[in-house]
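# Quick one: sequence and predicted model below, then my questions.
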Amino acid sequence: MKKEILINVGRFETRTAVLDNGKLIEFYSERLEHKNLVGRIYKGRVENVVPGLAGAFVNIGLSKNGFLPLADIPDKTLSQMYDSEVEEAEADKLKEARRLDLKPNQEILVQVVKEPLGKKGARLSSYIFLPGRYLVLTPSINHIGVSRRIRDRSERSRLRSVASKLKKDKMGLIVRTATEKVPESDIKLDFESLMEMWNSVSKLASQEKAPALVYEEPLVSLKLVRDQFTRGVSSVIVDSRVEYENVLRYLRRNAPKLRSRVRLYDGKEPVFERYGVEDELRGVFERKIWLKSGGFITIDHTEALVAIDVNTGRFSAEEQPEKLIFQTNMEAAREIAIQIRLRDLSGLLVIDFIDMHGKENMSMVLKELKKYLREDKAHTDFSGFSRFGLIEITRERKRPGLFVHLTEECSVCHGLGRIPSKDYMLSEIERVLQQRADLFAGHTVLIKAEPHIADFLSVQRFEELADWARTYNIAIEIKADIYLRPGEYTVILSDTNDVLYKREASPVSGSG
């Protein structure tokens with residue numbers, strides 16, 4: 001397995017990509033004017049407490065107040081905050097909720113665990129977690145945890161012992177997966193860096209008046225290097241000398257042995273083009289993803305869930321259909337896992353695999369899906385196959401997914417993904433004429449429409465127009481207007497130039 005990290009620095013945006021054997025599996029971007037909020041620490045002021053919501057709204061200086069649950073649970077904060085293995089840390093002792101007794105105007109130190117989404121403000125926690133390369137400092141939790149991904153018992157024992165020596169009173173430490181087989185001296189340096197960071201945060205918090213930002217995570221490039229640049233990564237390729245020096249400076253203190261794997265890209269072709277990332281990113285907008293077997297999967301976003309459907313596609317006339325179905329489902333399971341990580345799909349995901357008769361085959365498909373999601377840093381929970389042949393997955397949402405991040409709602413269809421059909425428009429125009437027949441009789445009616453509809457009416461539906469003219473005793477003129485959007489048209493009384501009906505671009509709806 002060859003794993004690489006690419007860092008592309010533009011004037012307004014920094015983009016990072018993680019490749020596994022040349023295939024894009026993770027992508028992150030950050031604009032200077034819209035930095036990621038997760039991990040930021042604020043000194044906030046409680047605006048109001050809402051017992052019915054079991055939470056409080058806290059002013060942290062953003063356009064919308066953040067929401068802080070009154071029953072704050074540390075292990076949930078862990079699982080929500082980081083695209084890292086932190087959520088895998090031993091959390092048995094972190095289940096007890098801290099019951100917050102808050103009052104309006106009270107000042108409190110909080111950390112953002114979820115980005116604002118839609119009309120909702122940021123999700124906050126009163127527990128603070130400061131991540132380093134090898135450790136996570138928990139200033140308010142007296143606990144030591146070791147990542148469950150470190151499975152060797154003797155190594156777990158060693159790391160727990162090292163953490164015990166370093167830990168301060170009434171504080172805690174969580175040992176990250178990257179710490180496995182790391183010398184104690186390197187772990188100690190990471191701990192000292194975290195303590196300096198916490199002392200700086202504490203000092204700033206004591207001096208500032210709420211609301212105030214007292215800590216923010218590094219830029220996306222350094223965060224990715226911190227969280228994912230381990231021995232399993234063959235190289236980090238950076239196309240900016242300034243960012244290249246920043247990465248080397250960070251590694252010089254935190255992981256000097258990995259500095260030789262960082263390379264400055266100086267090719268003429270843009271780095272993302274050179275490694276095929278741009279082509280794969282364009283595929284993120286595609287609803288349909290073809291599989292090598294000839295089958296395909298479709299991904300549809302709805303308000304409540306993400307629906308993923310698997311189809312046999314081109315080769316459905318196989319002599320052994322059960323074999324074809326099983327092979328297609330196995331390939332689809334691998335691709336779905338990749339798409340979930342790449343597109344950062346979250347919330348409720350419902351997967352409709354092709355129906356299989358054998359329970360053994362169903363079990364193998366589910367195992368394949370779980371296997372390829374094993375490296376996923378976000379917390380996921382799986383159901384088995386339902387009696388309808390569906391698999392349900394819940395995946396932690398920390399920020400809007402990649403599809404939402406890179407797109408915006410269509411001003412024509414308003415999120416439906418479809419516009420009114422030509423025949424629907426034809427029927428609607430006739431209803432407009434019918435309802436206003438008294439006004440139109442004996443006059444010339446001008447119908448302005450966007451070019452495709454204008455051409456459809458005047459060429460393909462000429463007979464209908466002639467019939468309307470006879471029925472309603474009118475003359476009809478069709479005119480194409482390039483400034484009208486799909487779904488828009490205007491009905492005008494030519495004699496007076498009065499607009500008698502105007503349809504705005506919108507999803508299919510009633511008219512009249």
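Structure received.

# Tell me which residues of stretch 206-215 come out buried.
210-212, 214-215 (16 or more other Cβ atoms under 10 Å). For every residue, glycine as well, the C-beta is placed using N, CA and C.

# which phi and psi does Phe285 have?
Backbone torsions of Phe285, given as degrees, to the nearest 10, read phi -80, psi -10.

# ok, now which ones touch it?
Under the criterion of Cβ atoms under 8 Å, 6 or more residues apart in numbering, the neighbours of Phe285 are 403, 406-407.

# For the one helix or strand Ile297 maps to, which helices and strands make contact with it?
For Ile297, the enclosing helix or strand under DSSP states H and E is strand 296-301. Contacts defined by 3 or more Cβ pairs under 8 Å, 6 or more residues apart in numbering; DSSP states H and E place strand 296-301 against strand 288-290, strand 306-311, helix 321-343.

# that older thread, may I see the contacts of Phe285 arranged in JSON lines, with distance to Arg156 and neighbour count as well?
Below are these laid out as JSON lines (distance: Cβ to Cβ, whole Å; neighbours: other Cβ atoms under 10 Å):
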{"residue": "Phe403", "distance to Arg156": "39", "neighbour count": "16"}
{"residue": "Leu406", "distance to Arg156": "40", "neighbour count": "14"}
{"residue": "Thr407", "distance to Arg156": "44", "neighbour count": "12"}
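
# Could you provide the residues you listed in a markdown table, with additional columns for pLDDT, secondary structure and distance to Lys165?
Rendered in a markdown table, the data for the contacts of Phe285 read as follows (pLDDT from 0 to 100; DSSP: H, G, I helix; E, B strand; the rest coil; distance: Cβ to Cβ, whole Å):
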| residue | pLDDT | secondary structure | distance to Lys165 |
| --- | --- | --- | --- |
| Phe403 | 70 | helix | 46 |
| Leu406 | 71 | helix | 46 |
| Thr407 | 70 | coil | 50 |
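
# For Arg15, state which of the residues you listed is nearest.
Leu406 (10.8 Å; Cβ to Cβ).

# Once you drop chain neighbours, what's closest to that closest one?
Excluding its sequence neighbours, the residue lying closest to Leu406 (Cβ to Cβ, 6 or more residues apart in numbering) is Val284, at 6.6 Å.

# Direction included, what does the strand holding Ile297 pair up with?
Using DSSP bridges, strand 296-301 pairs in its sheet with strand 288-290 (antiparallel), strand 306-311 (antiparallel).

# Single out the most deeply packed of those strands.
Of all these, strand 306-311 has the most neighbours on average by mean count of other Cβ atoms under 10 Å, namely a mean of 20.

# ok and it relative to helix 321-343, angle-wise?
With axes from the mean of the first three to the mean of the last three Cα atoms, to 10 degrees defining the directions, strand 306-311 sits at 150 degrees from helix 321-343.

# Give me the contact list for strand 306-311.
Under the contact criterion Cβ under 8 Å, 6+ apart, strand 306-311 has outside partners 295-300, 328-329, 332, 336, 339, 345, 347-354.

# out of the residues you listed, which are buried?
295-297, 299, 328-329, 332, 336, 339, 345, 347, 349-354.

# returning to that earlier point: residues touching the residue nearest to Leu406, list them.
27, 342-343, 402-403, 406.

# Tell me the confidence at it?
At Val284, the model reports a pLDDT of 80.

# Kindly report the same for the one 10 residues further on.
As predicted, Gly294 sits at a pLDDT of 87.

# so it, which of the three states?
Using DSSP: H, G, I helix; E, B strand; the rest coil, the structure places Gly294 in coil.

# Please apply the same query to Ile351.
Quick answer, by three-state DSSP: Ile351 is strand.

# need the strands for the stretch 151-300 of the chain, in chain order.
Here the stretch 151-300 of the chain has its strands, by DSSP state E, counting those that start in this stretch, at 172-175, 212-215, 233-238, 262-264, 288-290, 296-301.

# Let's have those strands in JSON lines, adding distance to Arg397.
As requested, the strands of the stretch 151-300 of the chain are exported to JSON lines (distance: least, Cβ to Cβ, whole Å):
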{"stretch": "strand 172-175", "distance to Arg397": "22"}
{"stretch": "strand 212-215", "distance to Arg397": "23"}
{"stretch": "strand 233-238", "distance to Arg397": "26"}
{"stretch": "strand 262-264", "distance to Arg397": "32"}
{"stretch": "strand 288-290", "distance to Arg397": "22"}
{"stretch": "strand 296-301", "distance to Arg397": "13"}
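
# Okay, now the unreliable bits of the stretch 301-450 of the chain?
314-319, 398-401, 404-405, 415-416 (pLDDT under 70).

# ranges for the helices of it?
321-343, 359-372, 402-406, 422-435, 437-440 (DSSP state H, counting those that start in this stretch).

# Can you pull out the residues in contact with the shortest one?
Spelled out, that is helix 437-440. 433, 472-474, 493, 500.

# Distance to Ser193 for the contacts of Phe285 - can I get that in a markdown table?
Below are those laid out as a markdown table (distance: Cβ to Cβ, whole Å):
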| residue | distance to Ser193 |
| --- | --- |
| Phe403 | 36 |
| Leu406 | 34 |
| Thr407 | 38 |
